[in-house]
Each structure stands twice: as C-alpha cells, then as structure tokens.
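J.: All I have is the shape, not the residue letters:
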C-alpha cells in the first residue's frame with residue numbers, strides 16, 4: 001500500500017512539474033539596431049508582451065568587442081537590442097513597427113547627435129518570416145514617401161554589452177535623448 005501511495009505521489013509530482021513547465025510563456029527573439037541602444041531598449045522593454053531585453057553588439061567582424069572598440073566605428077558592429085517576447089501577447093510585426101516609430105529610419109549611419117556606422121538603422125532577422133515582415137514595413141514607409149535606409153540583415157553572433165549598459169535609463173533615470181515616438185504607419 002505504501003509503495004502504491006508513494007508511486008501515486010510521484011505521478012502527481014511529475015504532472016505538477018509538467019504543468020508548471022507548460023505554463024512558461026513561449027519565447028521568441030527579435031534584434032533591432034536604431035542608434036544608441038539605450039533608447040531602443042527603453043521603448044522595447046515597455047512594450048506589451050516583452051519578457052526581457054538585452055543590449056549588445058551585432059553585425060561586425062571582431063569577436064566579443066568592447067563598447068570602446070565599437071565606438072571607434074572600426075569593428076563593423078551596430079549597437080542593438082535583443083528583445084525576448086511572448087508571442088501569445090505580442091508579435092514580431094508589432095515590435096518591428098515600434099522599432100520604426102521610435103527612431104528615424106531615414107538617417108544614414110546616425111541617430112540624432114550619435115554619428116557612425118555603429119548607430120545605423122538595422123534589423124537583424126532570425127528567419128524568413130521576420131525578413132518578410134520587415135521588408136513589408138519598409139515598403140509601406142517608402143510608399144508613404146520616406147527614404148528609408150534601414151538595413152535588413154541576417155542575424156549573426158550577438159555580443160552582450162557590458163553590465164553598465166543594461167537597463168540604462170531604468171538605472172540612471174531619465175528618458176532617451178535621441179529616441180522619441182513618432183507614428184509612421186497609416187494603417
């Protein structure tokens with residue numbers, strides 16, 4: 001009897017663990033570069049359905065670059081934000097629209113006072129669906145008369161930036177100096 005009771009308890013425990021694991025939100029990733037990563041992160045982390053954000057560097061040719069190296073503009077990296085989101089609460093297109101509406105996608109290799117290729121406007125896509133959605137949104141903006149310079153690149157290695165860059169505005173206070181919200185889509 002004791003063995004049967006113990007076995008029943010183990011099954012219940014196993015079912016509870018499975019239920020707990022299945023309650024975890026599904027996670028998907030998007031990577032956006034739109035000038036200073038502090039401002040991009042500020043807006044992305046406040047979007048509904050975003051689980052976490054991480055600032056870092058992507059798109060260059062130097063392994064594990066430092067902020068000081070990226071700032072020289074010689075590593076080829078862009079300052080970017082990796083966004084982890086719950087697709088049951090938001091979708092890639094919603095986040096991509098926010099990306100285009102919180103920076104100026106017509107500025108080449110700069111955003112406000114920040115100048116250099118490390119501040120370029122770029123989306124680093126993880127699959128064909130993300131590419132299709134991003135290119136569709138770029139076409140919509142071009143059809144509205146904007147001269148969009150945003151790059152659409154395949155995502156490669158993403159290097160997490162130094163700790164003091166993570167959650168910058170939440171830790172230091174204030175709001176982005178070169179990012180603001182501007183409605184760009186008519187639909």
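T.: Perfect, I can see it now. Nothing here was measured: the structure is a model prediction, and the numbers come from that model. Numbering: from 1, shown residues only.
J.: pLDDT-wise, which helix or strand of the protein ranks last?
T.: Of all regular secondary-structure elements in the chain, judged by mean pLDDT, DSSP states H and E, the least confident is helix 2-22 with a mean of 44.
J.: Show the subsequent helix or strand relative to that helix.
T.: Downstream of helix 2-22, the first helix or strand assigned by DSSP states H and E is strand 28-34.
J.: Note down every partner strand of that following strand and its orientation.
T.: Using DSSP bridges, the neighbouring strands of strand 28-34 in the sheet come out as strand 78-85 (antiparallel), strand 121-125 (antiparallel).
J.: Could you check how far that strand is from the centre of its chain?
T.: Averaging C-alpha positions (Cα atoms, centre = their mean, to the nearest Å) puts strand 28-34 3 Å from its chain's average.
J.: next one: stretch 129-142
T.: The answer for stretch 129-142 is 16 Å, by Cα atoms, centre = their mean.
J.: the helices in this protein, which residues?
T.: With DSSP state H as the definition, the chain shows helices at residue ranges 2-22, 37-44, 67-71, 92-101, 128-143, 168-172.
J.: So, low pLDDT: which residues of this protein?
T.: Within the chain, the segments meeting pLDDT under 70 span 1-22, 168-169.
J.: what do you get if the cut-off is 90, keeping everything else the same?
T.: For the chain, the stretches with pLDDT under 90 are 1-25, 36-38, 112-113, 161-181, 186-187.
J.: thinking again about what came up before, I'd like the strands paired with strand 28-34 as JSON lines, with mean neighbour count and distance to residue 70 appended.
T.: The way it works is simple: take the backbone N, C-alpha and C, and place the C-beta from them, glycine included. Compiled in JSON lines, the strands paired with strand 28-34 are given as follows (neighbours: other Cβ atoms under 10 Å; distance: least, Cβ to Cβ, whole Å):
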{"stretch": "strand 78-85", "mean neighbour count": "25", "distance to residue 70": "7"}
{"stretch": "strand 121-125", "mean neighbour count": "24", "distance to residue 70": "14"}
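J.: Format those strands as TSV; extra columns: distance to residue 31.
T.: Below are the strands paired with strand 28-34 laid out as TSV (distance: least, Cβ to Cβ, whole Å):
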stretch	distance to residue 31
strand 78-85	5
strand 121-125	4
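J.: do you know which of those lies nearest residue 158?
T.: Of all those, strand 78-85 sits nearest to residue 158, with 5.5 Å by Cβ to Cβ.
J.: Show me which residues of stretch 145-161 are buried.
T.: Neighbour counts over stretch 145-161 (16 or more other Cβ atoms under 10 Å) mark 146, 148, 149, 150, 153, 155, 158, 159, 161 as buried.
J.: Starting from residue 160, give me the distance back to residue 111.
T.: According to Cβ to Cβ, to the nearest Å, residue 111 and residue 160 sit 21 Å apart.
J.: Same check on residue 36?
T.: Relative to residue 160, and taking Cβ to Cβ, residue 36 is found at 16 Å.
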